[in-house]
Every structure is written in structure tokens, then in C-alpha cells.
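Participant: Need a 3D model of the following:
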Amino acid sequence: MATQDELKQQVAKAAVEYVKGGIIGVGTGSTANFFIDELAKVKSKIDGAVASSEATAQRLRAHGIEVFDLNSVDGMEIYVDGADEITEHMHMLKGGGGALTREKIVAACAKTFICICDASKYVPVLGKFPLPVEVLPMARSHVARELTKLGGQPKLRDFTTDNGNIILDVHGLEILNPVEMEAKINQIVGVVTNGLFAARPADVLLLATPEGVKTYKR
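Facilitator: Numbering: from 1, shown residues only. Next up, the predicted model:
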């Protein structure tokens, strides 16, 4: 049976089929890293990339792919990234790697969001994986109290984001209405953003399964 890394590699190869040129938005994490390695093989087809984290930017540059500042580009055809959880409605829970805010910003600027992951991430309801919330440090206690009122148990992650903020991982949520929950958490004063990608869901899901890569479209 294929290992998790082999599944990630299969799905990364499938995502490269969507690369037609221009500037590509690239996500963060282990699956995104496999995509970067595959993208390097067709780098002559693209003008460069926009990275959702410093780690991704470093990996792209190591492959000789030019990294553009998001403010200097008009937009992107595609954004490719993984997810910690995704449902049939293409709603995602992301941010296990801590890059959720930049991922959300880059995704917002792309015409098509392509989510790449293995079948273990495909779930009926979001929330088994703790929901990351990026928070301004001075608001930590206030935000934690508000998140507790929503039924979650926030825990401080030993991590500082690329933006210099902290992350509260919210355990114990069963997220039945991700669009509503995303908006509600974002309205808490001191929250930068949260790891629900529901208001802007994925457009295409490439799901690596033991039977091969399956494609789902919104």
C-alpha cells in the first residue's frame, strides 16, 4: 500500500497539470512542499510564484523559482495548498503549519484554489483537528475567553507566526456551519484570522487515495 508520502507525491504531480503559466500561488506544509518539488520540473512554463510563508519562499528560491511579493502582482490563475481537513462542500480547516493568515490572503487573490491532500483529510464535519486562530499577543486572554464561549478549548501553541503573532489552537469544536463560525471568530477583537477556509472554499480538490488521485470540483 502507498505510504502517505507517496500519496502526497501523486497528488502533487496531479496538481502540476493545472499549471499553465503566469504566476502561481503556493501554500505551506508537507504536501505543498511536494508540489514545489514537482513545480520545479516545469518552472520554465511559469513566470514565478507567490509564497504563503517564509519557509515556502525559501524552498521555491532553492529550486530557482522567482518569488514575487503579493503586492506586486495583479492576481494569480491558481493557488495550490494542502488542508488539515476538507469536506464535500470544499470547506477546509487549515493552519496546522501556522501560515493560515498568509495562506488566506494569497488564496483570496487567486482565481482558482486547488486543494491537494490525501484521503485521511476528507471528513464529514470539520473540527476533529484543532482549529488554529492567529491572535495579536496583547489580546490572547480576551480571545481565549471568547473562544471558550463558543464551546471550544483554546490552547496556546508554542509558535510565533511569520507576522509576529501567536496561535490559539481550539480543541473540541464540531463545526456544523463553517461559514458562520469563520465570520463569528473573525469578529472577535484581536483575532487576525482563523483556519476556517469556508467563505472562500476550494474550487478543485485533488484527493490522493489508494486507488489513485480523485478529482472533485465545486
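
Participant: got the CA coordinates for whichever strand in the chain runs longest in PDB?
Facilitator: Longest strand in the chain by number of residues (criterion: DSSP state E): strand 110-118. Written as PDB, here are the backbone C-alpha positions of strand 110-118 (Å, rounded to 0.1, in the frame of the first residue of the first chain):
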ATOM      1  CA  ALA A 110      -6.200  33.600  -7.000                       C
ATOM      2  CA  LYS A 111      -8.900  32.700  -9.500                       C
ATOM      3  CA  THR A 112      -8.800  29.000  -8.700                       C
ATOM      4  CA  PHE A 113      -8.000  27.400  -5.300                       C
ATOM      5  CA  ILE A 114      -6.700  23.800  -5.800                       C
ATOM      6  CA  CYS A 115      -6.600  21.800  -2.600                       C
ATOM      7  CA  ILE A 116      -4.200  18.800  -2.600                       C
ATOM      8  CA  CYS A 117      -4.400  16.200   0.200                       C
ATOM      9  CA  ASP A 118      -4.700  12.500   1.000                       C
END
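
Participant: Relative to the whole chain's centre, how far out is the helix or strand that comes right after that strand?
Facilitator: Sequence-wise, the next helix or strand downstream of strand 110-118 (DSSP states H and E) is strand 131-135. Taking C-alpha atoms, centre = their mean, to the nearest Å, one finds strand 131-135 lying 13 Å from the centre of the chain it belongs to.

Participant: Return the list of strands paired to strand 131-135, each annotated with direction.
Facilitator: strand 166-171 (antiparallel), strand 191-194 (antiparallel) (DSSP bridges).

Participant: residue boundaries of the helices in the chain?
Facilitator: Along the chain, counting by DSSP state H, helices occupy 4-16, 30-39, 54-62, 100-108, 140-149, 178-186.

Participant: Tell me which of those lies nearest to Asp118.
Facilitator: Nearest to Asp118, of all the helices of the chain, is helix 4-16, at 4.3 Å by C-beta to C-beta. (C-beta placed from N, C-alpha, C; glycine too.)

Participant: circling back: to Met90, which of the helices of the chain lies closest?
Facilitator: Checking the helices of the chain against Met90 by C-beta to C-beta gives helix 178-186 as the closest, at 10.2 Å.

Participant: quick revisit: for the strands paired with strand 131-135, give me JSON lines that also has mean pLDDT.
Facilitator: Below are the strands paired with strand 131-135 laid out as JSON lines (pLDDT from 0 to 100):
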{"stretch": "strand 166-171", "mean pLDDT": "98"}
{"stretch": "strand 191-194", "mean pLDDT": "98"}
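
Participant: closest to Glu134 out of those strands?
Facilitator: Glu134 lies closest, by C-beta to C-beta, to one member of the strands paired with strand 131-135: strand 191-194, at 4.1 Å.
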